[in-house]
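Student: Next comes the sequence, and after it the predicted model I'd like to discuss.
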Amino acid sequence: MSDNLNSRLRFFSLCNSYRDIMHCNKKPFYLKGSKVDSSTMDAYIMHALSHVHRTRDVVIKNDTKLRNDANTDILDDNSYRDQGFTRPKVLFLLPLKSIARRVVKRLIQLSPLTQKDNAMGLFKKDFDESDDEEETENSSKPADFNLLFAGDVEDHFLFGIKYTKKSVKLYSNFYASDIIVASPLALKLKIDGGEDIKKKGCAKDSDSNFLSSIEIVVVDHADVISMQNWSHLHSVLEQLNQLPSKEHVANVMRIRPWYLDQRERYYRQTIILSSYLTPEMNALFNRSCSNYEGKVKLVTEFTGVLPKIQLEVRQVYEQFDASSVGESDDARFDCFCTRVCPKIQESDEGGVLLFVSSYFEYIRMSNFLKSQDASFCRIGEATSQPDISRARLWFFEGQKKILLYSERSHFFHRYKIRGGHHLVVYSLPGRKDFYPELVNMLGESSNPKCNVLFSPLDILKLERIVGTSSARRLISSDKSMFVFC
């Protein structure tokens, strides 16, 4: 058998164990891993389809038995307790419409039904008919950026999918659906009642009862979701498997006992897929996934991305102490103020590219530079296009000494910043390939320099960049400064 088929069968077998799964080294389609990504996607889709059809078959067979024997006492036979509060059983949480299109298109292809040709009609109009993996020609952007953002990058979508004996129907009523496909943003708005306000102009009316009986949740491309708003995903998972405010079943006596006992979250399987791991994903997996079948976390060793750096540059890694996550932000800021900032202020040379990985660090550094009357400009995810063009020009021409640059801005735009001589990585990027891209931006400098701040709590980011073995040596060493060339 081919490697792709073996990979698909292995992951399907893992999904079929009904354990919670965290797979955070999945090679996505936009990083030239389309075959691997498709195998993983096929596995969880087939698992979801299998679960939907098996649970519906049980309900349909029991309906037939009860129709044939009206005197059957349901309370004496637990086999008739075959339902949840509502019909939807599977939830797919995806970041972009283009990714949702890939999943739904494959879902329909794998569905064992005869009448599915018309299912994509309205869906194609709403979700774009372009090829999901068609790379833009003659683009100055990296190939992975072109593939990820080639299709519809809208992050607001929510619809149901209903299966009958012979057909599959998209955009079905949520309470009549078997599968819900949504972005965290759209589902969060639906839960909060924002959808009703936007569409109808009516008062806020929260309706999330259709999420009360979800039994399988798949969060695919969690790394992309982390670049949007991670709190939306957290809020959605917290809202799952809650006691509904209204009755939506015909026969309450057929509801499974763990739903009535409000223990349904222990019977829910959560599958989190990402190309890299973050502390937020770890926290979500540890706190929001309580499957009684147990958990599986796939781990890997990294070789690092330092060989991708195309120029000779002395990279100085400076370690600071942070005893807890709560103290980490202040310790990092103090390290910058005492070790790095004085050197920048003393130097007459400009071209300092200051990179930060989070929005809160971006705001904090911006306020600090303002308080110091520093010559700086900034590019963040909320910066307007005219301001971005102006900042890039000022930095390139040397009119501004420092350019403050955020990871989210780089993720959504992948600018090639010119005019840099000194890269200061205030916090390491979550995406490992961003690091060599940033260092390679110093290629036009005659004397490139690079400083990186890190603590033992940055081990997840550090090992992806310098390699697992090197990261462990750095963290366990008594020294506070390390040099890579």
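Tutor: That came in fine, so what should we check first?

Student: residues contacting the closest residue to residue 171 other than its chain neighbours?
Tutor: Among residues not flanking residue 171 along the chain, residue 159 sits closest, at 5.1 Å (C-beta to C-beta, 6 or more residues apart in numbering). (Each C-beta comes from the backbone N, C-alpha and C, glycine too.) Counting by C-beta atoms under 8 Å, 6 or more residues apart in numbering, residue 159 touches 170, 171, 180, 181, 182.

Student: Let's see that with 7 Å instead.
Tutor: Applying C-beta atoms under 7 Å, 6 or more residues apart in numbering to residue 159 gives the contacts 170, 171, 181.

Student: How about the secondary structure of it?
Tutor: At residue 159 the chain is in strand, as set by DSSP: H, G, I helix; E, B strand; the rest coil.

Student: hang on, the earlier thing: give the buried subset of the contacts of residue 159 as a PyMOL selection command.
Tutor: Entered in PyMOL, the line below selects the buried ones among the contacts of residue 159, by 16 or more other C-beta atoms under 10 Å:
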select buried, resi 170+181
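
Student: I'd like the contacts of residue 159 written out as JSON lines, with pLDDT and secondary structure added.
Tutor: Formatted as JSON lines, the contacts of residue 159 follow (pLDDT from 0 to 100; DSSP: H, G, I helix; E, B strand; the rest coil):
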{"residue": "170", "pLDDT": "91", "secondary structure": "strand"}
{"residue": "171", "pLDDT": "91", "secondary structure": "strand"}
{"residue": "181", "pLDDT": "97", "secondary structure": "strand"}
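
Student: wait, which of the contacts of residue 159 is closest to residue 323?
Tutor: residue 181 (42.9 Å; C-beta to C-beta).

Student: Leaving out the residues flanking it, which one is nearest to that closest one?
Tutor: Using C-beta to C-beta, 6+ apart, the nearest residue to residue 181 is residue 92, at 4.7 Å.

Student: Could you tell me whether the one you found really is in a strand?
Tutor: Yes. With three-state DSSP as the criterion, residue 92 is part of a strand.

Student: Could you pull up the residues touching it?
Tutor: So residue 92 contacts 103, 179, 181, 218 (C-beta under 7 Å, 6+ apart).

Student: Can you tell me the element the first one falls in?
Tutor: Residue 103 belongs to helix 97-110 when assigned by DSSP states H and E.

Student: which residues pair with the residue nearest to residue 171 across the strands?
Tutor: Judged by DSSP bridges, the bridge partners of residue 159 are residue 181.

Student: okay, it: pLDDT?
Tutor: Listed pLDDT for residue 159 reads 94.

Student: Please apply the same query to residue 339.
Tutor: 90.

Student: Tell me the buried residues in the longest helix along the chain?
Tutor: Taking DSSP state H as the criterion, the chain has its longest helix at helix 34-68. If you call a residue buried by 16+ other C-beta under 10 Å, then helix 34-68 has these buried ones: 34, 36-49, 51-52, 55-56, 62.

Student: Then stretch 437-456?
Tutor: Quick answer for stretch 437-456 (16+ other C-beta under 10 Å): 437-442, 445, 448-456.

Student: Kindly report the same for stretch 157-165.
Tutor: Those would be 157, 158, 159, 160, 161, 162, 163, for stretch 157-165 by 16+ other C-beta under 10 Å.

Student: again, but for stretch 333-342
Tutor: Neighbour count says stretch 333-342 has 333, 335, 336, 340, 341 buried, by 16+ other C-beta under 10 Å.

Student: so can I have TSV of those residues showing distance to residue 193 and secondary structure?
Tutor: Converted to TSV, the buried residues of stretch 333-342 look like this (distance: C-beta to C-beta, whole Å; DSSP: H, G, I helix; E, B strand; the rest coil):
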residue	distance to residue 193	secondary structure
333	39	helix
335	44	helix
336	42	helix
340	46	helix
341	46	helix
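
Student: re earlier: will you turn the contacts of residue 92 into CSV that also has distance to residue 252?
Tutor: Converted to CSV, the contacts of residue 92 look like this (distance: C-beta to C-beta, whole Å):
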residue, distance to residue 252
103, 34
179, 24
181, 29
218, 29
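
Student: Tell me the one of these nearest residue 419?
Tutor: The closest of the contacts of residue 92, once distances to residue 419 are taken by C-beta to C-beta, is residue 103, at 41.5 Å.

Student: Next, the residue of the chain positioned farthest from its centre: phi, psi?
Tutor: Residue farthest from the centre of the chain, counting by C-alpha atoms, centre = their mean, is residue 71 at 50.9 Å. Main-chain dihedrals, residue 71, degrees, to the nearest 10: phi -90, psi 0.

Student: distance of it from residue 65?
Tutor: 12 Å (C-beta to C-beta, to the nearest Å).

Student: After the helix or strand of the chain with the lowest mean pLDDT, which helix or strand is next?
Tutor: When the helices and strands of the chain are scored by mean pLDDT, DSSP states H and E, helix 194-200 comes last with a mean of 50. Per DSSP H and E, helix 194-200 leads on to strand 216-219 as the next helix or strand towards the C-terminus.

Student: And that next one, what does it pack against?
Tutor: helix 34-68, strand 90-93, strand 269-273 (3 or more C-beta pairs under 7 Å, 6 or more residues apart in numbering; DSSP states H and E).

Student: could the ones you listed be laid out in a markdown table, adding distance to residue 386 and mean pLDDT?
Tutor: Below are the helices and strands packed on strand 216-219 laid out as a markdown table (distance: least, C-beta to C-beta, whole Å; pLDDT from 0 to 100):
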| stretch | distance to residue 386 | mean pLDDT |
| --- | --- | --- |
| helix 34-68 | 37 | 88 |
| strand 90-93 | 35 | 98 |
| strand 269-273 | 38 | 97 |
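
Student: Out of those, which is closest to residue 253?
Tutor: Taking the helices and strands packed on strand 216-219 one by one with C-beta to C-beta, helix 34-68 is closest: 10.8 Å.

Student: helices or strands next to that closest one in the packing?
Tutor: helix 3-15, strand 90-93, helix 97-110, strand 216-219.

Student: Least confident of these, on average?
Tutor: helix 3-15 (a mean of 85).
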